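Chemist: Predicted model and sequence below, questions to follow.
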Amino acid sequence: MNIRLDIKLFFLFSFVSLSSYALASSIIDLNSKGKAVKKIPHFHLNGAEVISQNGGLILLNDNDSLALVNLSIEGKKHLGLMDNYYEIQEVLLLKDLHIKKLEYKKFGQIKIQTSNNEFIKFQDFQLSDQLRTLKLFFKSKDSKKFLKKFKTIDLRHKNKLAIGYY
């Protein structure tokens with residue numbers, strides 16, 4: 001009877017240990033210098049605050065060097081803009097584009113700046129349709145040709161997009 005209890009405790013302890021390790025390793029990773037780096041995205045809000053992916057305020061040490069996504073908001077809740085960030089970033093990753101800055105204007109324009117200094121403009125009330133249009137464009141055969149050295153993509157036209165070049 002004690003053996004059965006010991007075996008059950010062993011498996012329970014093993015399960016808890018492995019679960020804790022999996023959770024910790026999904027949140028913290030080691031960079032090339034062996035320092036612990038959090039994989040959770042952080043945002044720099046209106047140049048004044050740093051917030052986590054769940055919208056909570058974060059206090060950073062001076063030693064923390066995080067690649068923050070800049071959120072600039074006029075008249076919108078930051079959690080809504082963060083949702084927009086994740087929706088847009090998912091589509092942009094199809095072409096390995098990464099958001100560096102996301103700006104929201106009072107009149108509903110969402111302006112994205114990528115890490116390569118390209119700009120993409122959306123209208124908030126049409127965002128889902130515009131993302132669908134962009135996704136279809138990214139998956140098309142001609143997208144690679146049209147995206148060479150582009151400077152801007154404007155999706156604020158109904159079912160169309162405009163591409164500006166350098």
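Modeler: Sure, I can see it. Numbers count the residues shown, from 1 in each chain.

Chemist: C-alpha only now, for contacts and for neighbours.
Modeler: OK.

Chemist: per the record, what domains does this structure have?
Modeler: Using automatic domain parsing, the domain parsing of the chain gives 1-39, 41-165.

Chemist: mind checking the longest strand of the protein?
Modeler: Scanning the chain for the strand with the most residues, using DSSP state E, yields strand 150-157.

Chemist: Just list what that strand packs against, helices and strands only.
Modeler: For strand 150-157, the contact count by 3 or more C-alpha pairs under 8 Å, 6 or more residues apart in numbering; DSSP states H and E identifies strand 119-123, helix 127-139, strand 160-165 as packing neighbours.

Chemist: What lies in contact with it?
Modeler: The contact list for strand 150-157, computed with C-alpha atoms under 8 Å, 6 or more residues apart in numbering, reads 117-123, 126, 130, 134, 161-166.

Chemist: Of those residues, which is the nearest to residue 146?
Modeler: For the contacts of strand 150-157, the closest approach to residue 146 (C-alpha to C-alpha) belongs to residue 163, at 7.9 Å.

Chemist: which of the domains of the chain sits most buried?
Modeler: Among the domains of the chain, domain 41-165 has the highest mean neighbour count (mean count of other C-alpha atoms under 10 Å), at a mean of 15.
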